[in-house]
Structures are given as C-alpha cells and as structure tokens.
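Undergrad: Here is my input, please return the structure:
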Amino acid sequence: MTEQITSDQGWYGAYADKTALKRWANADEFAGAVVYLASEAASYVTGSLQLVEGDWSTGHSYRPRWRGVQA
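TA: Okay, the predicted model is just below:
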C-alpha cells in the first residue's frame, strides 16, 4: 500500500499534510524506538504501544478515493 500512496502525488501530499511536520518520516527517525526495543533497557517490556507517526493519531484523517473506489 505504501508504494501506491507514494507513487501518487495527490495521496502522498495529502498524507504528509496531515502530520504535524507536514512531511513523511525518514527511516532514521524510527531508529530510536527500534534501538530502545532491541536494547537491554526494554528487557522488562512485554507490551507497548509506541507511536512514531508524526502526530497522525491526534484525529487527522484523509480518506481519498482509491483508484475509483471510495474509501
């Protein structure tokens, strides 16, 4: 699904605009959460919800038409 969104400028821009930073994340911006979960510091973590999503969860949403199918 990501390839379909990133290859369509309308979708790509609309999703980016819905984040607080107005852009998609870079892979290195996820690194901190990954390093933490793989480290000894997380040895007692058995369940966790870590949002690394550019403020998407604050209620923003974008429901574009998906190639003729309304989402």
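Undergrad: now the strands for the protein?
TA: Counting by DSSP state E, the chain has these strands, from start to end: 65-66, 69-70.
Undergrad: Which of the ones you listed comes out lowest on mean pLDDT?
TA: The minimum mean pLDDT among the strands of the chain belongs to strand 69-70 (a mean of 52).
Undergrad: Next one: the residue nearest the centre of the chain from Tyr15, what distance?
TA: Among the residues of the chain, Glu53 comes closest to the average C-alpha position under CA atoms, centre = their mean, at 4.1 Å. Noted for Glu53: a distance of 11 Å to Tyr15, by CB to CB, to the nearest Å. Any C-beta I mention is one placed from the backbone N, CA and C, and that applies to glycine too.
Undergrad: Then Gln4?
TA: Gln4 sits 11 Å away from Tyr15 when distances are taken as CB to CB.
Undergrad: Specify which residue of the two has the higher count of neighbours.
TA: Between Gln4 and Tyr15, Tyr15 has the larger neighbour count (other CB atoms under 10 Å), namely 20 against 10.
Undergrad: ok, that one touching Ile5?
TA: Yes. With contacts defined as CB atoms under 8 Å, Tyr15 counts as touching Ile5 at a distance of 6.2 Å.
Undergrad: For the nearest residue to Glu29 once chain neighbours are set aside, report the pLDDT, please.
TA: Nearest-residue entry for Glu29: Val52, 7.0 Å, with adjacent residues in sequence omitted and distances by CB to CB, 6 or more residues apart in numbering. On pLDDT, Val52 comes in at 75.
Undergrad: So what does Val52 look like in phi/psi?
TA: Summarising the backbone geometry of Val52 under the convention degrees, to the nearest 10, its torsions are phi -120, psi 80.
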